[in-house]
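**Q** Have a look; sequence and predicted model below, questions after that.
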Number of protein chains: 4
Amino acid sequence: MKWEIKFTTKKPELKSPILIEGLPGIGNVGKITADFLIDGMKAKKIGEFQGEGLPHSVFVNEENLIELPTIELFCKKNKNGKDVLIVAGDAQPVDEKSCYAFCEQVLNLAEDYKCSEIITLGGIALKQEPQNPQVYCTGNDKKKINNFTKNTKLRKDLYGIVGPIVGVSGVLPGLAKRRQIPAISLLAETFNHPLYIGIKGAKEILAIIKQKLKVKIDIEMLDKEIQEVEQEINEKAQELRSKLTFKDTSDKSNYIG
Amino acid sequence: MKWEIKFTTKKPELKSPILIEGLPGIGNVGKITADFLIDGMKAKKIGEFQGEGLPHSVFVNEENLIELPTIELFCKKNKNGKDVLIVAGDAQPVDEKSCYAFCEQVLNLAEDYKCSEIITLGGIALKQEPQNPQVYCTGNDKKKINNFTKNTKLRKDLYGIVGPIVGVSGVLPGLAKRRQIPAISLLAETFNHPLYIGIKGAKEILAIIKQKLKVKIDIEMLDKEIQEVEQEINEKAQELRSKLTFKDTSDKSNYIG
Amino acid sequence: MKWEIKFTTKKPELKSPILIEGLPGIGNVGKITADFLIDGMKAKKIGEFQGEGLPHSVFVNEENLIELPTIELFCKKNKNGKDVLIVAGDAQPVDEKSCYAFCEQVLNLAEDYKCSEIITLGGIALKQEPQNPQVYCTGNDKKKINNFTKNTKLRKDLYGIVGPIVGVSGVLPGLAKRRQIPAISLLAETFNHPLYIGIKGAKEILAIIKQKLKVKIDIEMLDKEIQEVEQEINEKAQELRSKLTFKDTSDKSNYIG
Amino acid sequence: MKWEIKFTTKKPELKSPILIEGLPGIGNVGKITADFLIDGMKAKKIGEFQGEGLPHSVFVNEENLIELPTIELFCKKNKNGKDVLIVAGDAQPVDEKSCYAFCEQVLNLAEDYKCSEIITLGGIALKQEPQNPQVYCTGNDKKKINNFTKNTKLRKDLYGIVGPIVGVSGVLPGLAKRRQIPAISLLAETFNHPLYIGIKGAKEILAIIKQKLKVKIDIEMLDKEIQEVEQEINEKAQELRSKLTFKDTSDKSNYIG
């Protein structure tokens, strides 16, 4: 099972960039943060990851068009801060083997670009919606974690607090260690419910990334967008709840099809 | 994992046909529509799709004979309307990888025949049986959707109404876009229950296909057949319910075996 | 995914034998019937099927020894009746692909031996324990079914009575049709409960096989054995129920390990 | 699907060692016993098993560092007793095929080292926490079992007491038989609950291994460690229960990610 990166633009030249990964997961914190980051930094899409192991389902977008789940690669050159590569998308590889294979391909990219560091994003499931979600930092390199958490509210006491970190956000730092690429993982508290969208946690992570990476992100602009998204999501969720039968996707049933 | 088409007749010559796909899914709307279409158009079986990933279970038919699940290819030449290829069958590929592999093979066929368009069929699950099921139209090409929905009751406001479209009906238009083959998906509201057969939704889709493709389909003849089928299904379902233990197929248990 | 047959004795010469298959399933009717058949006919083990896709679990036998799940091949030459090959074992291949691959290998064997016919054995799940289980006959060849059911109590009205036949008992006749090997399936009513052992159904099938194949089976001797087995099973089941936590094997949890 | 052993030190020379395997499972008895054995014998890590089929999740350790699940190889030379190889780790291969492939690789190692014997470790699930867990002994070789159980409290009456032994602890002795390597399995009674840690059962197995293999293990030192671990686990478990939502890992949901 192989994955490959298909560049959709000329492959850009970057100075030992930071690679940031955010894909769907608990509260979708990773995906939301990555999406806002792309928006707020005006990052540009440069490629797509293609391979076996994405879900066999499609989305209908705002323009009523069908979209395959994709994992895309974005990039942003920053004059005064760090160049950034962002791996973002609609889905995680569906099983163990495709997850490992995907992560190895991301690491090939990271080696190719001589990335100085990898940052993965995710959520920690709480029983109740957190009003002021805390963000934890773990990773594969003690020094990097200490540097990154310095002068921040980031917590480092994850041990015993959580179970395993499942999916790309965990496996990527794990495999990165074998290649001696330092990687950290930023995990924001969120509410564990299929319809909950962990925007508050995402915002906390964004603020930290802005501070630490010295990249320009227009968080105020995002604030407005967040408000709109929140309202829209709540309306849609209500509509959905009242109109349709929900099928838990975990039982692999078709919702439509 | 490869799929191939095994032609069971001489490969027919067709003028840039339309390819229509209908396989089991929510309310079985896709499968029923395709089956009635084959019947009502008197389409002819020309081949079978063979490959890894069909269910390891068989059906007992009316003649008490065992039948493997198959996905078949039918064709109908239409003098005054469009030539049509129909992909119909008893089952969907069981997992993500075989679904993608199957769809790629359908697209190979579509390219080979220079198909002008692909239409996939499916159902949208409602909590209650809809008396007058509405049909929605989405796809991978805005212009095609606009052309197809013109002068019809087809709705285009799917965004936010439904979750992902799972299986061939969704993945086929998604992958078709990469090959620049326009594809639309017609999805009729139906009731989401294992024993419910979405005949009403299927009839709505049939009427639209008849109107838009200018193909001859004897819907009145079908009406009679539908009545018979409905009665038979209801009787059998009742018999089944009263006599047998039902095992949810999702738990992969054997029903017989 | 390949399966192969490893002969453990010299490959015997047989006159277009009948191949009988009985593996675990609903009420374990198929497996029990095959095991009693081997016992009652004094059939001899001649080989083992090896391949990917058997469960990753082992049994502890009466001698306190660990046994891997196996699927074995037995044979019995019958002077006045038909030569018989029996495929029996502790497990079914665990997934769709390994089931198909296994069945193709059984058919290779059947072709190699010029088998005149295949008989698969299984159970039909009822909600309650049947006092006088009926046996149904279906298959891939109308003439064979008619011949086999003649002068028996075998029922042929399976259509609409049951859902799909899952596993080797169904897929084997299905695939056999493609090679023009006639195959029938004998399915006895049984009770669908994990701890129920469908001995009554098995006995009904045995009587029919004895009658139709004119093979010598000492059913009276079996009667005694059946009584002993039944008592032993009931005692063990009670012991088990009172002492241990049961974990449904469907959730893939380890029972021991 | 291949597994390989990657030696992390110079490959040591050993005199027909005993290979002991202990991985996660019921009550984690196997894993805990192997871990305490490594600790108590001061065994040294000499390698890692790498291959497809480990879970796609990582742990956060006491130092707040991410760790991939690994299966490691340890070794201990014993002047007066037996040389010992220990296979220990954080996870079992996730599916049937990777389990078989992993076991075959362990057996390659055992053959390479001319291992005299294999001992696998595991738990037997009881409904209630056992105060004085009994240890059962089964295996693939009657003589070895008899020798090992002599002058011990080990029970040999497993037949009918338990269902299948799932995972490496069962498959390894099963496959070892094909290569004529004698193997036994030591299974301690334990409580079947996700948060229960079968330390009592592990201690019973340790005492037996110490007695039979004449290896030096400082059980008293372990006693203290056990007390500490027990207390810590109970505190953490309580914390976890009060703070977080638990998701059953069997439904493949992400806990974090």
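**A** All right, it came through fine.

**Q** doesn't A:Glu111 fall inside a helix?
**A** Yes. Per DSSP: H, G, I helix; E, B strand; the rest coil, A:Glu111 lies within a helix segment.

**Q** Can you give me the separation between it and D:Gly47?
**A** Here the criterion is CB to CB, to the nearest Å. By it, A:Glu111 lies 25 Å from D:Gly47. In this view, the C-beta of every residue, glycine as well, is placed from N, C-alpha and C.

**Q** Up against chain C, what does chain A have?
**A** Within reach of chain C by CB under 8 Å from any CB of the partner chain, chain A has no residues at all.

**Q** Could you list the low-pLDDT ranges of the stretch 151-257 of chain A?
**A** A:233-234, A:236-257 (pLDDT under 70).

**Q** hmm, back to that, same drill for A:Glu111 and D:Gly47, tell me which one is more crowded.
**A** Remark: of A:Glu111 and D:Gly47, D:Gly47 carries more neighbours, 21 against 13, as counted by other CB atoms under 10 Å in any protein chain shown.

**Q** May I ask which helix or strand encompasses the more buried one?
**A** Assigned by DSSP states H and E, D:Gly47 belongs to strand D:44-51.

**Q** what about the nearest residue to A:Lys200 once chain neighbours are set aside, neighbour count?
**A** Setting aside the residues directly before and after it, A:Lys200 is nearest to A:Pro133 in space (CB to CB, 6 or more residues apart in numbering or on different chains), at 5.3 Å. For A:Pro133, the count of nearby residues is 24 (other CB under 10 Å).

**Q** do the same with A:Glu129
**A** 15.

**Q** cool, and the one 5 residues further on?
**A** Using other CB under 10 Å, A:Gln134 has 15 other residues around it.

**Q** Contact partners for it?
**A** A:153, A:155, A:188-189, A:204 (CB atoms under 8 Å, 6 or more residues apart in numbering or on different chains).

**Q** In a markdown table, list the residues you listed along with distance to C:Trp3.
**A** Below are the contacts of A:Gln134 laid out as a markdown table (distance: CB to CB, whole Å):
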| residue | distance to C:Trp3 |
| --- | --- |
| A:Lys153 | 58 |
| A:Arg155 | 53 |
| A:Ala188 | 49 |
| A:Glu189 | 50 |
| A:Glu204 | 54 |
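
**Q** before we move on, the earlier item: and the strand holding D:Gly47, what does it pack against?
**A** strand D:3-7, strand D:71-76, helix D:96-112 (3 or more CB pairs under 8 Å, 6 or more residues apart in numbering or on different chains; DSSP states H and E).

**Q** Dump those to JSON lines, plus mean pLDDT.
**A** JSON lines is the format used below for the helices and strands packed on strand D:44-51 (pLDDT from 0 to 100):
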{"stretch": "strand D:3-7", "mean pLDDT": "95"}
{"stretch": "strand D:71-76", "mean pLDDT": "98"}
{"stretch": "helix D:96-112", "mean pLDDT": "96"}
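
**Q** Near chain D, which residues of the stretch 1-150 of chain A? Just list them.
**A** So the stretch 1-150 of chain A meets chain D at A:25-26, A:30, A:92-93, A:95-97, A:99-100, A:122-127, A:138-142, A:145 (CB under 8 Å from any CB).

**Q** Now do the contacts for A:Phe191.
**A** Going by CB under 8 Å, 6+ apart, A:Phe191 touches A:27, A:125-126, A:128-130, A:198.

**Q** 7 Å instead, please
**A** A:27, A:126, A:128-130, A:198 (CB atoms under 7 Å, 6 or more residues apart in numbering or on different chains).

**Q** Repeat that for A:Ile71.
**A** With CB under 7 Å, 6+ apart, A:Ile71 has these contacts: A:23, A:49, A:87, A:89.

**Q** could you redo the last one with a cut-off of 8 Å?
**A** A:23, A:48-49, A:54, A:87-91, A:102.

**Q** Mark which of those residues are part of helices, please.
**A** Per DSSP state H, helices hold the following members of the contacts of A:Ile71: A:Phe102.

**Q** ok, which stretches of chain A are strands?
**A** Secondary structure of chain A (DSSP state E): strands at A:3-7, A:18-22, A:44-51, A:57-60, A:66-67, A:71-76, A:84-89, A:117-126, A:135-139, A:165-166, A:183-191.
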